[in-house]
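Asker: Next comes the sequence, and after it the predicted model I'd like to discuss.
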Amino acid sequence: MSEQTVASRLEKLGIVLPKASGPAAKYANYVLVNDLLFLAGKGPSGGPKGKLGKDYTTEEGYAFARQAGLEVLAVVQDALGSLDRVKRVVKVQGFIHAADHYEEIHKVLNGFSDLMFEVFGEEKGAHTRSVLGAAALRDQLPVVVDTIFQVEPE
Amino acid sequence: MSEQTVASRLEKLGIVLPKASGPAAKYANYVLVNDLLFLAGKGPSGGPKGKLGKDYTTEEGYAFARQAGLEVLAVVQDALGSLDRVKRVVKVQGFIHAADHYEEIHKVLNGFSDLMFEVFGEEKGAHTRSVLGAAALRDQLPVVVDTIFQVEPE
Amino acid sequence: MSEQTVASRLEKLGIVLPKASGPAAKYANYVLVNDLLFLAGKGPSGGPKGKLGKDYTTEEGYAFARQAGLEVLAVVQDALGSLDRVKRVVKVQGFIHAADHYEEIHKVLNGFSDLMFEVFGEEKGAHTRSVLGAAALRDQLPVVVDTIFQVEPE
């Protein structure tokens, strides 16, 4: 994809990235090791609190995971200067604050995965993932995503 | 180990790998970044549902973790063409669907770890790991393993 | 930082590292892949058992996370010969054994993060992190940390 493509694609999708949120404590938003970009766990903006399968529906969870993905993209852009330097979305682990009986954690994480496909296309956007129900998350967030990207050299 | 060794060892162990299962949604089964192979989370075949310490014993959990390991090996073979290209099993995170009081999550994950030792030997098969009890897993699977391998260049 | 610095800093901080604990089963304490050092999950020494928000306060949890960090440093020193070969603390995932209503898992993990800043300084010590409440942990430990470091070549 050319330098223009991701920005154009975002515009076409009507996506405006949020300002990258800072790390919540004395840690780093990202660490770049060679061509691997490790990110801090990110949740949806606006501070929603609650559990999937109790306080929120799967559709709401999907939207939260997508929002968390936008927060991730904002950090990646901050880290790299341009999303066009993303070579591959490598990995996401999705942590879902889930009620005991809740069965659709993977459908929630699709909100993140679908966003990556939309923004980076199938080749760069296809990533490995795992998902699990967490007994608790920071600030009672419903979703947190923990991500790794591969980047093009500068 | 020579090109023959892992295949021979599997045969000697009476292990027939399953066909690599596809990713359950629009994501990737694996992503190779330089010599690190990241895999999607994999569970046991056959779709067992339930919790360790409630629906399943530790022995059953051990067998599930071993089966998840076979699913992982099937993907690695698919990715690399041959398991002989595995240089090192780097990491496993074991997510165990566990009842509140259940104390043997590490014994469950041994089913995965023991398989890696059997298949790759001590030098290549010894890996780092962590294990945690999940409040929920995809499709109510009892065990999911999230793995990273180091591979020999082609 | 010079060869002396980390050791001096530890002394100044009054920190004596424990002897590196062995892996609890047939797996590896660490795996070095190029310049990435992956570690096995480590908990606090002494085998405390219980949940944050039920058996332990946040302050106790913070101390456990710090102790887990010391166990991590002992393994890193064992792996590298010297902590001065740490180029960057890359990542920590904190797994907190938490009661259902417990909201301060991130404050618990600060015990690990603060230690990394004290020992390695801001530039090398600043790391990405994520934290989640686990339904169960190995041996009912209250905290387990799963870490990745970047190391200087030998």
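Answerer: Right, received. Where do you want to start?

Asker: Low-confidence bits of chain A, can you list those?
Answerer: Within chain A, the stretches falling below the threshold (pLDDT under 70) are A:1-4, A:24-25.

Asker: can you list the residues of it near chain C?
Answerer: Residues of chain A found near chain C (C-beta under 8 Å from any C-beta of the partner chain) are A:24-31, A:33-34, A:36, A:38-41, A:93, A:95, A:132, A:134-140, A:144, A:146. Where C-beta positions appear, they are placed from N, C-alpha and C, glycine not excepted.

Asker: Among those, which ones are in strands?
Answerer: Taking DSSP state E as the definition of strands, those contribute A:30-31, A:33, A:36, A:38-39, A:93, A:95, A:132, A:134, A:136-137, A:144, A:146.

Asker: What is the burial count for A:Gly81?
Answerer: Residue neighbour count, defined by other C-beta atoms under 10 Å in any protein chain shown, stands at 10 for A:Gly81.

Asker: Centre-most residue in chain A?
Answerer: Taking C-alpha atoms, centre = their mean, the centroid of chain A lies closest to A:Gly69, which sits 2.7 Å from it.

Asker: Can you list phi and psi of it for me?
Answerer: A:Gly69 adopts backbone torsions of phi -60, psi -40, taken as degrees, to the nearest 10.

Asker: was I right about it contacting A:Val144?
Answerer: No - with contacts counted by C-beta atoms under 8 Å, A:Gly69 stays clear of A:Val144, the gap being 11.6 Å.

Asker: which residues in chain A form helices?
Answerer: For chain A, the helices defined by DSSP state H cover A:5-13, A:58-80, A:105-125.

Asker: Check which helices and strands the shortest one sits against.
Answerer: Read it as helix A:5-13. The helices and strands touching helix A:5-13, judged by 3 or more C-beta pairs under 8 Å, 6 or more residues apart in numbering or on different chains; DSSP states H and E, are helix A:105-125.

Asker: what's the angle from the helix it packs on to helix A:58-80?
Answerer: Our comparison of helix A:105-125 with helix A:58-80, counting by axes from the mean of the first three to the mean of the last three C-alpha atoms, to 10 degrees, yields an angle of 40 degrees.

Asker: Show me what helix A:105-125 is packed against.
Answerer: In this structure, helix A:105-125 makes packing contacts with helix A:5-13, helix A:58-80, strand A:86-97, strand A:128-134, strand A:143-151, judged by 3+ C-beta pairs under 8 Å, 6+ apart.

Asker: May I see the buried residues of stretch A:39-54?
Answerer: Using 16 or more other C-beta atoms under 10 Å in any protein chain shown as the burial criterion, the residues of stretch A:39-54 that qualify are A:Leu39, A:Ala40, A:Gly41, A:Lys42, A:Gly43, A:Pro44, A:Pro48, A:Gly50, A:Lys51, A:Leu52, A:Gly53.

Asker: could you dump it to CSV, C-alpha only?
Answerer: What follows is the C-alpha trace of stretch A:39-54 in CSV, where atoms were taken according to Å, rounded to 0.1, in the frame of the first residue of the first chain:
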residue,chain,number,x,y,z
LEU,A,39,1.8,-2.0,22.8
ALA,A,40,0.4,-1.5,26.2
GLY,A,41,-3.1,-2.9,26.7
LYS,A,42,-5.8,-0.6,25.5
GLY,A,43,-9.5,-0.4,26.2
PRO,A,44,-12.4,1.6,24.7
SER,A,45,-12.5,5.3,25.3
GLY,A,46,-15.0,7.0,27.6
GLY,A,47,-14.4,4.7,30.5
PRO,A,48,-17.3,2.2,30.2
LYS,A,49,-17.5,-0.1,33.2
GLY,A,50,-19.1,-3.5,33.4
LYS,A,51,-19.3,-7.1,32.2
LEU,A,52,-20.3,-8.7,29.0
GLY,A,53,-23.3,-11.0,29.5
LYS,A,54,-24.5,-8.9,32.4
